[in-house]
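Asks: please work out how this folds:
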Amino acid sequence: MTQGGDCFRIETHNGASGSVHLVTLDNPPYNAVFAQMLEAGAARLAALGSAPDTSAIVLTGAGANFTRGMDVKIAASLDAKGTARAKAAVNTFCAQLHRLPCAFVCALNGHTIGAGGIVALCADWVIAAQGDYKIGLPEAKAGLAFPPVPQAIIDHWLDPVWRRRLALTSQLFGPQEAVATGMVDEVVPADALIESALARAESLAAQPAFRDCKRQLRASANAEIDALLG
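Replies: Predicted structure coming up:
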């Protein structure tokens, strides 16, 4: 099995406001996630986000997928203890992303399903590449309930009508359609995705009061997340 820490490739760019880290999730073929990966990723991204010279983080996926969510083969083989660990890892990973003090941009390069959609909702800005792929939260169809932290993130950052539609129908949307749902902020040509995401991240971070405004905006959600995690 691929080790969790090996699934995140980090490339650092020097911006006007500090370092912008391009983090690529790389676990072929679907960039599916599993407990060890999420645990390693949570620690690594938290450390990057809190480093004094970090101004922003951009998260994208390798290949044709951002991530299709939990690795179903691994999930099917888990006993009760393993399942509990996987759920805790999802909660911790999403909580760390949501708490990042720096600018955080998701660059959706392909299918963004389940946990991938939750990760995108943690971002300050979501840019999607043009293309024939799907974005959504099909946990109901997959037979999975949302863990507490992802549910809190959905409750805070999706319009109630779209929250109902996405969570209960398992409907998937193309990138342009996903703008209407609130899961995507803008769509750009695929060959401009990373350049656009890096530029957006740097422009967010360059605002003098960005971190203060982000902290205020997320205070209520972060307090709820902290209470859920105990």
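
Asks: can you verify residue 95 is assigned to a helix?
Replies: Yes. Under DSSP: H, G, I helix; E, B strand; the rest coil, residue 95 falls within a helix.

Asks: and the pLDDT for it?
Replies: Note for residue 95: predicted pLDDT of 98.

Asks: low pLDDT regions in this structure?
Replies: Across the chain, the ranges flagged by pLDDT under 70 are 1-5.

Asks: now the helices for it?
Replies: 35-50, 72-76, 80-99, 115-121, 139-142, 148-157, 160-169, 175-181, 193-205, 210-229 (DSSP state H).

Asks: closest to residue 131 out of those?
Replies: Taking Cβ to Cβ, helix 175-181 is the member of those nearest to residue 131, at 6.5 Å. C-beta coordinates here come from the backbone N, C-alpha and C atoms, glycine included.

Asks: just to revisit the earlier point, could you export the helices of the chain as JSON lines, including distance to residue 65 and mean neighbour count?
Replies: As requested, the helices of the chain are exported to JSON lines (distance: least, Cβ to Cβ, whole Å; neighbours: other Cβ atoms under 10 Å):
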{"stretch": "helix 35-50", "distance to residue 65": "14", "mean neighbour count": "19"}
{"stretch": "helix 72-76", "distance to residue 65": "14", "mean neighbour count": "13"}
{"stretch": "helix 80-99", "distance to residue 65": "17", "mean neighbour count": "19"}
{"stretch": "helix 115-121", "distance to residue 65": "8", "mean neighbour count": "26"}
{"stretch": "helix 139-142", "distance to residue 65": "16", "mean neighbour count": "16"}
{"stretch": "helix 148-157", "distance to residue 65": "19", "mean neighbour count": "20"}
{"stretch": "helix 160-169", "distance to residue 65": "19", "mean neighbour count": "15"}
{"stretch": "helix 175-181", "distance to residue 65": "13", "mean neighbour count": "18"}
{"stretch": "helix 193-205", "distance to residue 65": "14", "mean neighbour count": "21"}
{"stretch": "helix 210-229", "distance to residue 65": "26", "mean neighbour count": "14"}
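
Asks: distance from stretch 206-222 to the middle of the chain?
Replies: 18 Å (Cα atoms, centre = their mean, to the nearest Å).

Asks: compare the helices of the chain and give me the one nearest residue 25.
Replies: helix 35-50 (7.8 Å).

Asks: show me the one of the helices of the chain that comes nearest residue 57.
Replies: helix 35-50 (6.0 Å).

Asks: picking up where we left off before, of the helices of the chain, which approaches residue 17 most closely?
Replies: Per Cβ to Cβ, nearest to residue 17 of the helices of the chain: helix 193-205, 4.7 Å.

Asks: okay, the angle between the closest one and helix 210-229?
Replies: Between helix 193-205 and helix 210-229, the angle comes out at 100 degrees (axes from the mean of the first three to the mean of the last three Cα atoms, to 10 degrees).

Asks: and helix 193-205, how far out from the chain's middle?
Replies: So, by Cα atoms, centre = their mean, the centroid of helix 193-205 is 16 Å from its chain's centroid.

Asks: reformat the helices of the chain as TSV; add distance to residue 21.
Replies: Formatted as TSV, those follow (distance: least, Cβ to Cβ, whole Å):
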stretch	distance to residue 21
helix 35-50	5
helix 72-76	27
helix 80-99	13
helix 115-121	16
helix 139-142	29
helix 148-157	22
helix 160-169	29
helix 175-181	24
helix 193-205	9
helix 210-229	16
